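Enquirer: Here is my input; please provide its structure:
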Amino acid sequence: MIKEKFFARESHLSILEKRIRDLKDGYRQNIAILGDELVGKTSLIFNFLNKFCDPKIIILYLEARPETISSFARRFIGVLLYNFLVNSAEPIKEDLEFLIAKSKKYIPQTTEKINTILAALEKRKKINIIPELFSLCELVKSETGKSCVVIFDEFQNLENLKVKDLYEEWSKSLIQQKNTMYIIISSQKYRARNILAKNLSLLFGNFEIITVEPFDIKTSERYLEKKFSLKQINPALKSFLIHFTGGYPFYLELISDAFLKNPQEKLEDVLEGLLFEPCGALNQRFSTYLKRFMDSSESQDYLSIIHLVSKGHNKIRDIAHLMRQPQKNLLLKINNLQELDALSRSADFVAISDRVFSFWLKFVYQGKIDSLTFDARNQRELFLENIKNSINEFLINAQKPVAERIHELLKLFTDESIQIEKKRFRLTHFREIKTLDFNQRNFNDGLIGRSNEALWIIAFKREVLTEEDIAEFARECKKYRHKLQRKIIVTNSDIETNARLRALEEKILTWNINNLNQILDLFSRPRIIA
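Expert: As a prediction, the model looks like this:
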């Protein structure tokens, strides 16, 4: 078993440590940590805080939540003073008046200003509360030499405080307070990026964005191998779990723990307990999640859109056709769902990032709605059958070579556009797709796709991709005279830095398995776990 809940994320921890170390040296860089719900952002911060210890740094962690401005101010001040006194010899307790009294002899100017702020709030006097509160960190710095790191989890919820010109006032503080570092966290990626681009975009004091993604395939494998270290786990079952969870640490842990508690149960029975049973942890969570759409006048359309996507209708034009709505109207609703991070968009496609939620929507939520009776036994049997079918479909596809999987994928292209790593391109509808033998050792095999307008040349490399490989592939491509060439090398291994640079020069795309899986997701095909 894994002794610690936290796993991997070494590069993220390294960045946090470096930025806080830089703060001590007089260089301040604010950070925004963005990622889907359940991907491990808060776990990342807590793991860092549990290990971090520096008497010259005061760290304030606050979860932004629905509350009054007075409650927020008292909480902010309490966290500041508590963490200021933590390294002193003073006995401390979680009582604001006690903390103010204990701090007075060390930071008299700061406590005097705190009392002024609290008195103004008590009398409901109009003050610029955000800059006043945040300036306390600078006062502490001037009195003690200690710098503050302020962490707001789900920072966009600060808007619920109803503070006038919140971001404008905060921006002024960010510019003026050069000894205070802010780390903001958000699960609402789309909205958070808009706030950072429009409201908190500064010449000085701007935010470095760190994106926390689900575990990649190798990290997910390492997680499951450690989790099941004392018990055997079927390799095929392990691959299915990676595919099914999409690498979300929360799901990997929840399903693994349930499986370990009942090792004699089949996977479909474990998933039934979590997803189908009324008291199942994920069934309850997803049912609650759907309620966020219910307050809108467009709620029925929102539910219809995400349900269609869960069933594999990922093309915007297909959804518009099935809902009998003009694409213009549909796009407005898709944009709203994007803002709620219920959907992600890739040019002409939309997708549900959370694969487990998508499965629940398709086979539990909609299954119960479509049922003509209240016979839970029939619904359960149908659910179990759908899980078994999903597992079997994955296992059948997993036995196929990657080249064959991609050959099947290319057949599905019908001239739609997608976006991968900020690059948009068209998925050409091919009139001919065939295997390609490069007659050299650098590449395992390849494919060529032809249409009237374009030619795709794809090579596969299992080992590390080198600059020599790029040069060799570029020479091979020059044998074909077609002007519109799409040159792609697919690898499930590392890519040398020089190889990346050479690929850019030669206009060659280098895709890893994650890139391929993004496209497979858009066509509702099982992922490649290699």
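Enquirer: CA only for contacts and neighbour counts going forward, please
Expert: Noted.
Enquirer: Going by neighbour count, list what's buried in the host helix or strand of Ile519.
Expert: Element membership for Ile519 (DSSP states H and E) is helix 513-522. By 16 or more other Cα atoms under 10 Å, the buried positions in helix 513-522 come out as Ile513, Leu516, Asn517, Gln518, Ile519, Leu520, Asp521, Leu522.
Enquirer: before we move on, what about stretch 286-293?
Expert: Under 16+ other Cα under 10 Å, the buried positions of stretch 286-293 are Phe286, Phe293.
Enquirer: neighbouring contacts of it?
Expert: Residues from elsewhere that reach stretch 286-293 (Cα atoms under 8 Å, 6 or more residues apart in numbering): Ser299, Tyr302, Leu303, Phe357, Trp360.
Enquirer: tell me, how many neighbours does the first one end up with?
Expert: Residue neighbour count, defined by other Cα atoms under 10 Å, stands at 16 for Ser299.
Enquirer: which residue packs closest to it, ignoring adjacent ones?
Expert: Phe293 (5.3 Å; Cα to Cα, 6 or more residues apart in numbering).
Enquirer: Read off the pLDDT value for the residue lying closest to Asp354 once chain neighbours are set aside.
Expert: Leaving aside its sequence neighbours, Asp354 sits nearest to Gly246 (Cα to Cα, 6+ apart; 7.3 Å). pLDDT for Gly246: 95.
Enquirer: repeat for Asn206
Expert: So Asn206 comes in at 84 (pLDDT).
Enquirer: doesn't Trp170 make contact with it?
Expert: No: counting by Cα atoms under 8 Å, Asn206 sits too far from Trp170 to count as a contact (11.5 Å).
Enquirer: show me where the stretch 1-150 of the chain has strands.
Expert: 30-34, 57-63, 147-153 (DSSP state E, counting those that start in this stretch).
Enquirer: just the CA coordinates of the first one, formatted as CSV?
Expert: Which is strand 30-34. Taking C-alpha atoms only, strand 30-34 is exported to CSV below (Å, rounded to 0.1, in the frame of the first residue of the first chain):
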residue,chain,number,x,y,z
ASN,A,30,3.0,35.0,-8.2
ILE,A,31,1.6,31.6,-9.2
ALA,A,32,-1.7,30.3,-10.5
ILE,A,33,-2.3,26.6,-10.1
LEU,A,34,-5.1,25.4,-12.5
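Enquirer: Show me what it is packed against.
Expert: Under the contact definition 3 or more Cα pairs under 8 Å, 6 or more residues apart in numbering; DSSP states H and E, strand 30-34 sits against strand 180-186, strand 207-211.
Enquirer: Okay, angle between it and strand 207-211 too, please.
Expert: Per axes from the mean of the first three to the mean of the last three Cα atoms, to 10 degrees, the angle that strand 30-34 makes with strand 207-211 is 30 degrees.
Enquirer: Please identify the buried residues of strand 30-34?
Expert: Asn30, Ile31, Ala32, Ile33, Leu34.
Enquirer: Check stretch 72-85 too.
Expert: 72-74, 76-85.
Enquirer: same deal with stretch 498-515?
Expert: Buried residues in stretch 498-515 (16+ other Cα under 10 Å): Ala499, Arg500, Arg502, Ala503, Ile508, Thr510, Trp511, Asn512, Ile513.
Enquirer: Can you pull the poorly scored residue ranges out of this structure?
Expert: Low-confidence segments of the chain (pLDDT under 70): 1-5, 126, 203-205, 230-232, 370-375, 440-441.
Enquirer: any idea how far the closest residue to Leu81 other than its chain neighbours lies from Val212?
Expert: Residue nearest to Leu81 in three dimensions, not counting chain neighbours: Leu99, with 6.1 Å by Cα to Cα, 6+ apart. Separation of Leu99 from Val212 (Cα to Cα, to the nearest Å): 36 Å.
Enquirer: Show me which of these two is the more surrounded one.
Expert: Counting neighbours by other Cα under 10 Å for Leu99 and for Val212 shows that Leu99 has the greater number, 22 against 17.
Enquirer: what's next to stretch 475-490, contact-wise?
Expert: By Cα under 8 Å, 6+ apart, stretch 475-490 touches 438, 453-461, 507-513.
Enquirer: Equivalent analysis for stretch 173-192, please.
Expert: 23, 26, 28-37, 41-42, 131, 134-135, 137-138, 141, 147-156, 202, 204-206, 338-341.
Enquirer: thinking again about what came up before, tell me which of the strands of the stretch 1-150 of the chain sits nearest to Gly449.
Expert: Evaluated over the strands of the stretch 1-150 of the chain, closeness to Gly449 peaks at strand 30-34, with 37.6 Å, by Cα to Cα.
Enquirer: partner strands of the closest one, parallel or antiparallel?
Expert: Here strand 30-34 is paired, per DSSP bridges, with strand 180-186 (parallel), strand 207-211 (parallel).
Enquirer: Now do the domain split for this structure, please.
Expert: 10-211, 285-398, 402-519 (automatic domain parsing).
Enquirer: Now distance to Asn234 too, for these, in CSV please.
Expert: As requested, the domains of the chain are exported to CSV (distance: least, Cα to Cα, whole Å):
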stretch, distance to Asn234
domain 10-211, 25
domain 285-398, 12
domain 402-519, 21
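Enquirer: Ok, which of those domains comes nearest Ala236?
Expert: The nearest among the domains of the chain, by Cα to Cα, is domain 285-398 at 7.0 Å.
Enquirer: Any idea how many residues pack against Lys56?
Expert: 15.
Enquirer: Could you do the one 4 residues further on as well?
Expert: Neighbours of Leu60 under the rule other Cα under 10 Å: 22.
Enquirer: Which residue ranges of the stretch 201-350 of the chain form strands?
Expert: According to DSSP E, counting those that start in this stretch, the strands that the stretch 201-350 of the chain contains are 207-211, 344-346, 349-351.
Enquirer: Packing partners of the second one?
Expert: Read that as strand 344-346. strand 349-351, strand 417-420.
Enquirer: Would you format those strands as a markdown table with distance to Lys227 and mean neighbour count included?
Expert: Listed next are the helices and strands packed on strand 344-346 as a markdown table, based on distance: least, Cα to Cα, whole Å; neighbours: other Cα atoms under 10 Å:
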| stretch | distance to Lys227 | mean neighbour count |
| --- | --- | --- |
| strand 349-351 | 30 | 23 |
| strand 417-420 | 32 | 16 |
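Enquirer: Compare these and give me the one nearest Arg324.
Expert: Checking the helices and strands packed on strand 344-346 against Arg324 by Cα to Cα gives strand 349-351 as the closest, at 17.5 Å.
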